[in-house]
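Novice: what would the 3D arrangement of this be:
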Amino acid sequence: MSSAYHPQTDGQSERTIQSLEDLLRSCILEQGVSWEACFPLIEFTYNNSFHSSI
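Specialist: Numbers count the residues shown, from 1 in each chain. So this is what the prediction gives:
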């Protein structure tokens, strides 16, 4: 049994966070810029990628 809105049991939220972390890490390593500079690119990439529904 799990409680509502518990992040560790919310798989979809955890997957979203992992995807955003991966995008951020990739941007920083490939472009060598600060994480703040990566936000517009990450936002664009994430918002324009395919997300399957439950």
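
Novice: list phi and psi for I42.
Specialist: I42 adopts backbone torsions of phi -60, psi -40, taken as degrees, to the nearest 10.

Novice: quick one: it and Q18, what's the gap?
Specialist: Separation of I42 from Q18 (CB to CB, to the nearest Å) stands at 13 Å. In short, each C-beta sits where N, CA and C put it, glycine included.

Novice: tell me which of these two has more neighbours.
Specialist: Remark: of I42 and Q18, I42 carries more neighbours, 18 against 10, as counted by other CB atoms under 10 Å.

Novice: look up the closest residue to the more buried one, ignoring the ones flanking it.
Specialist: Leaving out its chain neighbours, the residue that sits closest to I42 by CB to CB, 6 or more residues apart in numbering is L23, at 4.7 Å.

Novice: that neighbour contacts P40, doesn't it?
Specialist: No. Here L23 lies out of contact with P40, judged by CB atoms under 8 Å, at a distance of 11.8 Å.

Novice: thinking again about what came up before, count of neighbours near the residue nearest to I42?
Specialist: Other residues close to L23 by other CB under 10 Å number 17.
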